[in-house]
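Visitor: Compute the structure for the input listed below.
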Amino acid sequence: MKTTVSLYDFRDAFRRVRPDNFSYEGLEVLFDYLEACESGADEIELDVIALCCDFSEASVDEIAENYSIDLSECDDDEEKAEAVRDYIERHSIVVGEVAGGFVYADF
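Guide: Alright, predicted model coming up:
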């Protein structure tokens with residue numbers, strides 16, 4: 001048995017189980033990414049806990065701190081974001097960009 005999940009249902013499931021893991025915007029980015037990953041026969045199960053273990057949302061500064069990314073050579077926020085995006089892309093997957101940060105696959 002299966003149920004088709006809308007963006008509303010997706011956000012509601014996270015709100016009930018893990019309300020602080022992703023922003024409203026971050027959940028939309030993650031939902032769109034997961035929908036794009038699904039092919040006709042390969043469906044993704046909505047397992048909020050597993051998704052919270054596999055994906056994160058964080059600001060540019062939080063990611064830089066968590067992964068010891070040196071941003072001292074960056075002149076502005078745009079360069080910092082680019083450096084962090086490049087780092088994530090070398091080690092994992094950038095799911096999408098949100099205000100001030102990224103949603104990405106944990107590594």
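Visitor: where are the low-confidence patches of this protein?
Guide: Within the chain, the stretches with pLDDT under 70 are 1, 40-41.
Visitor: Which stretches in it count as strands?
Guide: 55-59, 94-98, 101-105 (DSSP state E).
Visitor: Which one, of the ones you listed, ends up nearest to A83?
Guide: Comparison of these against A83 by Cβ to Cβ identifies strand 101-105 as nearest, at 11.9 Å. (Each C-beta comes from the backbone N, C-alpha and C, glycine too.)
Visitor: shouldn't D54 be in contact with D106?
Guide: Yes: under the criterion of Cβ atoms under 8 Å, D54 makes contact with D106 at 6.0 Å.
Visitor: neighbouring contacts of stretch 49-56?
Guide: 17-18, 21-22, 30, 34, 95, 103-106 (Cβ atoms under 8 Å, 6 or more residues apart in numbering).
Visitor: Who is the spatially most central residue of the chain paired with across the strands?
Guide: Centrality entry for the chain: nearest residue to the mean C-alpha point is V103, 2.2 Å, by Cα atoms, centre = their mean. Beta bridges link V103 to E57, G96 when assigned by DSSP bridges.
Visitor: Kind regards, and thank you for your time.
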